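> generate a structure from the sequence data that follows.
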Amino acid sequence: MVLGTQWYILFNVIGGASTIPKELLSAGDNFGVRGWLWWKKIALPAVFPQFITGAITASGGTWNASIVAEVANWGDHVERAHGLGAYIADATQAGDLHKVVIGITVMAVFVVVVNRFFWQPLYWYAERRYRLS
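Presented below is the predicted three-dimensional model:
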C-alpha cells in the first residue's frame, strides 16, 4: 500500500515545488538563505498545502486498497481478514443486499467523519498558514 500511495504525495509535492514563485527563490538567494533555513523558510512552507492534498489522496487510496484486500482468492485458497471489506464481500457473495448497503453506508460515514474532523482542518490550516499568494 505504501509503494502504491507514495506517488500521490510525490507528484503533489513536485507540482507544489514547481509553483514556487521565482521572486521568492530570488529573495532567498539575495538574503543568503541556505541549508536548513532555506528548507524551513522557503521550500517546506511552499509545498506544505500540496503535501496535505497528496496525503489526503494517498490515505483514500490506501484505505480503498485495504478494504479490497481483506479477501484474497488464489485458486481454491482464500485468505480473509475480519473487517469491513470482508463483511461487504461476504454480503455480496451471499446476495444480501441489506448487509451490502449497511457496509457501504458505514464505509461512507467513516470517510466523511475522517475527512471533516481530520483532513479538512489540516488542509484549512495549511492553506491559511502557508498561502503564497
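> for the helix or strand of the chain with the lowest mean pLDDT, packing partners?
Here the helix or strand of the chain ranked lowest by mean pLDDT, DSSP states H and E is strand 71-74, holding a mean of 87. Counting by 3 or more Cβ pairs under 8 Å, 6 or more residues apart in numbering; DSSP states H and E, the packing neighbours recorded for strand 71-74 are strand 77-80, helix 84-94. All C-beta atoms are positioned from the backbone trio N, CA, C, and that covers glycine.
> ok, which of these comes nearest Ser26?
helix 84-94 (50.6 Å; Cβ to Cβ).
> which other helices and strands contact the closest one?
helix 44-68, strand 71-74, helix 97-114.
> one more time with 10 Å
Packing partners of helix 84-94 (3 or more Cβ pairs under 10 Å, 6 or more residues apart in numbering; DSSP states H and E): helix 44-68, strand 71-74, strand 77-80, helix 97-114.
> tally of neighbours for Gly60?
Other residues near Gly60 come to 16 when the count uses other Cβ atoms under 10 Å.
> ditto for Ile42
Ile42: 17 neighbours (other Cβ under 10 Å).
> same deal with Asn12?
21.
> for Leu10, same thing?
Leu10, neighbours per other Cβ under 10 Å, totals 13.
> can you check Leu3 too?
Residues lying near Leu3 (other Cβ under 10 Å) number 6.
> just the one 4 residues further on next, same as before
Trp7 has 13 neighbouring residues, counting by other Cβ under 10 Å.
> low-confidence regions, the protein specifically.
Residues of the chain that meet the criterion pLDDT under 70 lie in 133.
> which residue of it sits farthest from its center?
Asn30 (35.8 Å; Cα atoms, centre = their mean).
> and it, its phi and psi?
Here is the backbone geometry of Asn30 (degrees, to the nearest 10): phi -60, psi -40.
> ok, it to Leu44 distance?
20 Å (Cβ to Cβ, to the nearest Å).
> if we can go back for a sec, got the CA coordinates for the least confident helix or strand of the chain in CSV?
Extracted in CSV, the C-alpha atoms of strand 71-74 (Å, rounded to 0.1, in the frame of the first residue of the first chain):
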residue,chain,number,x,y,z
VAL,A,71,-10.5,-11.0,0.9
ALA,A,72,-8.0,-12.6,-1.5
ASN,A,73,-8.5,-15.7,-3.6
TRP,A,74,-5.7,-17.8,-5.1
